[in-house]
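Chemist: give me a model of this one.
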Amino acid sequence: MAAIRSFELFLLDIPFKHSFKHAAASRKTSSSIFLKCTVESGDGADSPGVHYGYGECLPRSYVTGETRDGAFKLLQDTLLPALLGMEFDSLSQLIPFLSECNGKAPVDWLDPETPQTAAWAAVDLALLDGFGRAFAEPVKLTNNALPADNIRYSAVLSAEKGWKAVKMALVYRLYGFRQAKLKVEKRDAVEAAGFCRKLLGSKFDIRVDANMAWEIDEAVEVMQELAKFGIRSFEQPTAADDIGGLARLVNETGLEVMVDESLNDAESLEKLIEQEACTSVNVRISKCGGLVAAFNRCKRAIEAGMIIQVGAQVGETSLLSSAQLILLAAVPEVRYAEGCFGLHLLHEDPVSPLKQFGYGGSLPPMPAGPGFGIEVDEGMLRRYSRKTVEVK
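Modeler: Residues are numbered from 1 along each chain as shown. Here you go, the predicted model:
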């Protein structure tokens, strides 16, 4: 038996090596939350003593409706106090609990209509890591040891212009990538796509992410123009809540319509399936309520015949990247993967071992060891923290 004894929250701003821009935001730091969970196991446990698990989330108001300060307060005042003292006999007992929660707190703790999936993602990860360490077990979702052989990380091109955009595109091409996602803004999308196609070549698999930039009629026109450059996949072309408009795009364009901001919880996915409002989904652990809930989203989308992209919030550390690798191993049907940027983007990463893509988007080694098999440099956490709070 092992029990939760305390938590510590960190409001974190890890600087980027370069800014990252898209239609919905521009960032220079991670703007994230770290969560430390202290788990104490008794003499009968596999690894008796005190153990520390870590979680991470990156709340984005335009994705889940949560601001970072709001998610921090929700964790501090509501979610973490309710978790104190909870006990589990094994990791295999914890995972069904998290699966039943399905990306949100139990309904008797918090109104399920309250935006919370980013905050709960930090809880999900911290509990998996902490209890995994307490029971000396690695976190696994299936018996698959490794991701499918064909999975590679995609390049992601931010909506920068000029020499900065040229340099980034050429670096990715020289680094052996064969897939790229191009972030576009409301204007100049056709020009940007044509420019990108010339730089990357005809064999490069390019898809577009508009981050809700277009109105429906505009999206129909622009998507058809971009299809002339061999682009077939369009991520979140219109407003997240315009499900009818997304369904119209699927019906009228015959192109792949991927949702991102439109999807975070089980209910949003069911609505998308019911209205046939997309052909593809971008599943991100930090927006979907954690690793277990993200796995559930993937399974349901596959049942509905959808294309799966496993994505990442800009600024994730190797903690979320480790969890993402476990998700990729559990979902061999993934077509696109984004993440594991590590020190390609972050000025420093407080988590080791570093999980960072290699040449051509090759995946780093899978996590090894109990929990997520990570170590966290708390000195670095505190150096980049704007605020820390203990809950016990």
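Chemist: what's the domain layout of the protein?
Modeler: 2-140+374-391, 155-361 (automatic domain parsing).
Chemist: among the ones you listed, which comes closest to A368?
Modeler: Of all these, domain 2-140+374-391 sits nearest to A368, with 7.2 Å by CB to CB. Bear in mind the C-beta positions are built from the backbone N, C-alpha and C, glycine included.
Chemist: now do that closest one, average pLDDT.
Modeler: Mean pLDDT, computed over domain 2-140+374-391, is 94.
Chemist: follow-up on the earlier one: same list, the domains of the chain, but as a markdown table with distance to P367 and mean neighbour count please.
Modeler: Putting these into a markdown table (distance: least, CB to CB, whole Å; neighbours: other CB atoms under 10 Å) gives the following:
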| stretch | distance to P367 | mean neighbour count |
| --- | --- | --- |
| domain 2-140+374-391 | 7 | 20 |
| domain 155-361 | 4 | 20 |
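Chemist: got a markdown table for those domains, with distance to L146 too?
Modeler: Listed next are these as a markdown table, based on distance: least, CB to CB, whole Å:
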| stretch | distance to L146 |
| --- | --- |
| domain 2-140+374-391 | 12 |
| domain 155-361 | 6 |
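Chemist: which of these sits closest to P147?
Modeler: Counting by CB to CB, P147 lies closest to domain 155-361 out of the domains of the chain; the figure is 4.0 Å.
Chemist: ranges for the strands of the stretch 151-300 of the chain?
Modeler: In the stretch 151-300 of the chain, the strands defined using DSSP state E, counting those that start in this stretch lie at 155-157, 179-183, 205-209, 233-235, 256-259, 280-284.
Chemist: I308 belongs to a strand, doesn't it?
Modeler: Yes: according to DSSP: H, G, I helix; E, B strand; the rest coil, I308 belongs to a strand.
Chemist: which residues does the nearest residue to it once chain neighbours are set aside contact?
Modeler: Sequence neighbours aside, V334 is the residue nearest to I308 in space, at 4.9 Å (criterion: CB to CB, 6 or more residues apart in numbering). By CB atoms under 8 Å, 6 or more residues apart in numbering, the contact set of V334 is 147-148, 151, 298, 308-310, 328.
Chemist: and G230, by the same measure?
Modeler: Neighbouring residues of G230 by CB under 8 Å, 6+ apart: 197, 202, 206.
Chemist: pLDDT score for it?
Modeler: Per-residue pLDDT puts G230 at 95.
Chemist: please report the distance of it from E261.
Modeler: Per CB to CB, to the nearest Å, G230 is found 25 Å from E261.
Chemist: got it, and S41?
Modeler: From S41 to E261 the distance is 40 Å (CB to CB).
Chemist: do the same with R207
Modeler: Applying CB to CB to R207 and E261 gives a distance of 16 Å.
Chemist: what of K287?
Modeler: The gap separating K287 from E261 is 8 Å, by CB to CB.
Chemist: likewise L363?
Modeler: L363 is 26 Å from E261, by CB to CB.
Chemist: for V376, same thing?
Modeler: To E261, V376 is 30 Å away according to CB to CB.
Chemist: ditto for P112
Modeler: P112 sits 19 Å away from E261, going by CB to CB.
Chemist: next: A304.
Modeler: 19 Å.
Chemist: next one: T38
Modeler: Here the criterion is CB to CB. By it, T38 lies 34 Å from E261.
Chemist: before we move on, what about W120?
Modeler: For W120, the distance to E261 - CB to CB - is 18 Å.
Chemist: can you map out the helices along the stretch 1-150 of the chain?
Modeler: Secondary structure of the stretch 1-150 of the chain, counting by DSSP state H, counting those that start in this stretch: helices at 61-64, 68-74, 80-83, 91-101, 117-134.
Chemist: A193: which of the ones you listed is closest?
Modeler: helix 61-64 (22.9 Å).
Chemist: helices and strands around the closest one, which ones?
Modeler: Identification of packing neighbours for helix 61-64 by 3 or more CB pairs under 8 Å, 6 or more residues apart in numbering; DSSP states H and E yields helix 117-134.
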